[in-house]
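got a predicted structure plus its sequence, pasted below:
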Amino acid sequence: MAKKCPICGNLSLKTCSGKFRFEPPPNIQGGVIIIPNSKWEECSTCGERIIPVALEHALEQERYHRLGLLTSKRIQEIRKAAGLSQVAMAQQLGVGDKTYTRWESGKSIQSKSSDNLIRLFEQRAELLNQFEAQRKPNRMEEISKYFKCLETFKAGNRVAFAWHGSELDPSLCDALSRCLKKITSLQHKKHK
């Protein structure tokens, strides 16, 4: 029995089943998407198709697959493994809270560049902290002050030397290393 179509208003909306065919936009390679064993409603007058949630989910999964992007479930797993809230993850990635939430819920698909950033976060989260530190306007002044006070505050404390560099780029890590070596060699000379 036909139902009323929400678009054209005719009593021509019928339940269909079988292979659902969907022509994706040009940015999704691979041609027509076919989802077997599907159910949906279609209007024989205007051609409108009403897609149930399960079919919509299957189409989304195929889009993620064809684009090579992380699925919404995988994005959520990465965030949870890091122990972050959705808001904190959005801040880490530099995107809006609602944008990130839509990626994780599957309501929208992240761009390739955002997908790359999420993958980078999963593999090397410390780099995002390093990038954030590099954005600080007075960063070089703070580093310079730190180098100047190393001998006074840190030279006698081996534990203080134990870990440096998570938020410094390689050239600053090298400079810090040279400074620390100089201080420790001066200390060794004093004790001899």
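Nice, thanks for sending it over.

give me the helix or strand of this structure that scores worst on average pLDDT.
helix 158-161 (a mean of 47; mean pLDDT, DSSP states H and E).

so what's the closest residue to Cys5 other than its chain neighbours bridging to?
Leaving aside its sequence neighbours, Cys5 sits nearest to Cys43 (Cβ to Cβ, 6 or more residues apart in numbering; 4.0 Å). (Each C-beta comes from the backbone N, C-alpha and C, glycine too.) Under DSSP bridges, the beta-bridge partners of Cys43 are Leu13.

what number of residues lie near Cys43?
22 (other Cβ atoms under 10 Å).

now Phe131
Number of residues near Phe131 (other Cβ under 10 Å) recorded here: 13.

quick check, Ser38 in a strand?
Yes - using DSSP: H, G, I helix; E, B strand; the rest coil, the assignment for Ser38 is a strand.

use 28 as the first number for this chain going forward.
Noted, 28 is the first residue going forward, which turns the last one into Ser65.

what sits against it?
Ser65 is in contact with 44-47, 82, 85, counting by Cβ atoms under 8 Å, 6 or more residues apart in numbering.

confirm Glu159 sits in a strand?
No - looking at Glu159 with three-state DSSP, it is helix, so not inside a strand.

what's the pLDDT at it?
We have a pLDDT of 80 for Glu159.

do you know the pLDDT at the spatially most central residue of the chain?
Centroid check for the chain by Cα atoms, centre = their mean gives Ile145 as the closest residue, at 2.5 Å. As predicted, Ile145 sits at a pLDDT of 97.

and it, that's in a strand?
No - counting by three-state DSSP, Ile145 is not part of a strand but helix.

how far out from the middle of the chain is the helix or strand containing Glu83?
Assigned by DSSP states H and E, Glu83 belongs to helix 80-94. Relative to its chain's centre, helix 80-94 lies at 19 Å (Cα atoms, centre = their mean, to the nearest Å).

tell me the mean pLDDT over it?
89.

ranges for the strands of this structure?
With strands called from DSSP state E, the chain shows them at 40-49, 60-70, 76-77.

among these, which comes closest to Leu154?
Nearest to Leu154 among the strands of the chain is strand 60-70; the distance by Cβ to Cβ comes to 35.5 Å.

dump the closest one to PDB, restricted to CA.
This file holds the C-alpha atoms of strand 60-70, laid out as PDB (Å, rounded to 0.1, in the frame of the first residue of the first chain):
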ATOM      1  CA  ILE A  60      27.800   2.600  -4.600                       C
ATOM      2  CA  ILE A  61      25.600  -0.600  -4.300                       C
ATOM      3  CA  ILE A  62      24.400  -1.700  -0.900                       C
ATOM      4  CA  PRO A  63      22.800  -5.200  -1.200                       C
ATOM      5  CA  ASN A  64      19.900  -6.500   0.900                       C
ATOM      6  CA  SER A  65      18.600  -3.000   1.600                       C
ATOM      7  CA  LYS A  66      15.200  -1.500   2.300                       C
ATOM      8  CA  TRP A  67      14.000   2.100   1.600                       C
ATOM      9  CA  GLU A  68      11.000   4.000   0.500                       C
ATOM     10  CA  GLU A  69      10.700   5.600  -3.000                       C
ATOM     11  CA  CYS A  70       8.100   7.900  -4.600                       C
END
